[in-house]
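Peer 1: Test case, fold it:
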Amino acid sequence: MRQRRFIPSTRLMLAFDAVMRQGSVTAAAEELNLTQSAVSRLILSLEEQLGKELFTRIRRRLVPNDTAHTYHQEVSRALDLVERASMRVVANPQGGTLSLAVLPTFATRWLGPRLGDFMGNHPGVAINMSTRIGWFDFTTQPFDAAIYFGNGDWVGGQHIKLFDERLTACASPDFAAQNALEKPEDLANLPLLHLEARPTAWDDWFAAQGADSVTARTGMLVDQFSMMIQAAISGLGVAILPDYLAQIEIEAGRLVPVLKQAVPMQGAYWLVWPEGRDISAPLASFTDWLAEQSSGLEDHSPS
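Peer 2: Got it, this is the predicted structure:
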């Protein structure tokens, strides 16, 4: 049986959360559509229930102490979990919901266009997606699974590999026409576009072209492939793209390939879910479908 003393009401938790986030009782009151005195009373009630002071009163201001800051970190996560759980019930009362963390460009360019097939074959499953670039702790984040790039070494996770990374260098047609791009050495003095998460991408690409001695010059650094694609289309340099992204732009005529295409590099795309947690029916269905969708790419050989 839960001890009610340690489970304050939602009204108290929301008031506390609002004051901590907004930094003042006045702003919290506006957010909650309450009076300042009402918010102050709620905070006082919370302190009385816990038997601990969370704020120092200075000239009618509430200044959070160290206990308040520590407490708020946990309360904020708890409120997020309750909010997401409620959203799942409202969006899909049958309970067939999958919360997925995805890489931004992978989600929009690869996964998104294919999701219609999954939804058509699994009409009872609702998918909620949020973008995440880096790794996170499943115990503190409300996700059932994540799609990430790496080496299958997500701590505390079970994995299936989707497909290996293969790189294609691309430039805009005008950029390619204005610069000699016939051998790897031709790129040594040209502006090259770099992705923060792939610091060795150009070195791997040059090595695969048989030009280990060529060093990529420092160029524009971006944190997403979508930004790199747009920079290349605008003629700002040569992009180094996963082949599945490069082919979209090449087929549309926005970019042209440079030298050998789809050369292998270290790393792959993976689906990961928490180790030790039972796989839900929606996740099991999604895992099987995702394995089918990616099987053809894994068999693709460099050209």
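Peer 1: what separates residue 26 from residue 62, distance-wise?
Peer 2: To residue 62, residue 26 is 10 Å away according to Cβ to Cβ, to the nearest Å. Just so you know, the C-beta spots here come from the backbone N, C-alpha and C atoms, and that holds for glycine as well.
Peer 1: can you map out the strands along the stretch 51-200 of the chain?
Peer 2: For the stretch 51-200 of the chain, the strands defined by DSSP state E, counting those that start in this stretch occupy 55-58, 61-64, 97-102, 126-131, 145-150, 157-171, 194-195.
Peer 1: Pipe the ones you listed into JSON lines and attach distance to residue 18 and mean pLDDT per row.
Peer 2: JSON lines is the format used below for those (distance: least, Cβ to Cβ, whole Å; pLDDT from 0 to 100):
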{"stretch": "strand 55-58", "distance to residue 18": "13", "mean pLDDT": "90"}
{"stretch": "strand 61-64", "distance to residue 18": "11", "mean pLDDT": "90"}
{"stretch": "strand 97-102", "distance to residue 18": "25", "mean pLDDT": "86"}
{"stretch": "strand 126-131", "distance to residue 18": "23", "mean pLDDT": "84"}
{"stretch": "strand 145-150", "distance to residue 18": "30", "mean pLDDT": "88"}
{"stretch": "strand 157-171", "distance to residue 18": "34", "mean pLDDT": "88"}
{"stretch": "strand 194-195", "distance to residue 18": "38", "mean pLDDT": "90"}
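Peer 1: Dump the ones you listed to TSV, plus mean neighbour count and distance to residue 277.
Peer 2: Shown next, in TSV, are the strands of the stretch 51-200 of the chain (neighbours: other Cβ atoms under 10 Å; distance: least, Cβ to Cβ, whole Å):
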stretch	mean neighbour count	distance to residue 277
strand 55-58	13	37
strand 61-64	15	34
strand 97-102	22	13
strand 126-131	16	17
strand 145-150	20	10
strand 157-171	21	9
strand 194-195	20	31
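Peer 1: and residue 210, how many neighbours?
Peer 2: Residue 210 has 12 neighbouring residues, counting by other Cβ atoms under 10 Å.
Peer 1: which ones are touching it?
Peer 2: residue 184 (Cβ atoms under 8 Å, 6 or more residues apart in numbering).
Peer 1: Could you chop the chain up by domain?
Peer 2: Under the assignment automatic domain parsing, the domains of the chain span 4-91, 96-303.
Peer 1: Please name the spatially closest residue to residue 290 (chain neighbours excluded).
Peer 2: residue 271 (5.8 Å; Cβ to Cβ, 6 or more residues apart in numbering).
Peer 1: pLDDT value on the one you found, please?
Peer 2: Looking at residue 271, its pLDDT stands at 90.
Peer 1: I'd assumed residue 145 was in contact with it.
Peer 2: Yes - between residue 271 and residue 145 there is a contact under Cβ atoms under 8 Å: 6.0 Å.
Peer 1: Now for those two: what residues contact both?
Peer 2: residue 287.
Peer 1: just to revisit the earlier point, just confirm the residue nearest to residue 290 is within a strand.
Peer 2: Yes - counting by DSSP: H, G, I helix; E, B strand; the rest coil, residue 271 is part of a strand.
Peer 1: quick one, what contacts it?
Peer 2: Going by Cβ under 8 Å, 6+ apart, residue 271 touches 145, 146, 147, 159, 160, 162, 287, 290.
Peer 1: give me the beta-bridge partners of it?
Peer 2: Taking DSSP bridges as the rule, residue 271 bridges to residue 147, residue 160.
Peer 1: for residue 131, same thing?
Peer 2: residue 102.
Peer 1: Isn't it up against residue 102?
Peer 2: Yes - here residue 131 reaches residue 102: they are 6.0 Å apart, a contact under Cβ under 8 Å.
Peer 1: What is the neighbour count of the residue lying closest to residue 188 once chain neighbours are set aside?
Peer 2: Using Cβ to Cβ, 6+ apart and skipping the chain neighbours, the partner closest in space to residue 188 is residue 214 (5.4 Å). For residue 214, the neighbour count with other Cβ under 10 Å is 19.
Peer 1: Correct me if wrong: residue 159 contacts residue 268.
Peer 2: No - using Cβ under 8 Å, residue 159 is not in contact with residue 268; the gap is 9.7 Å.
Peer 1: Sounds good, over and out.
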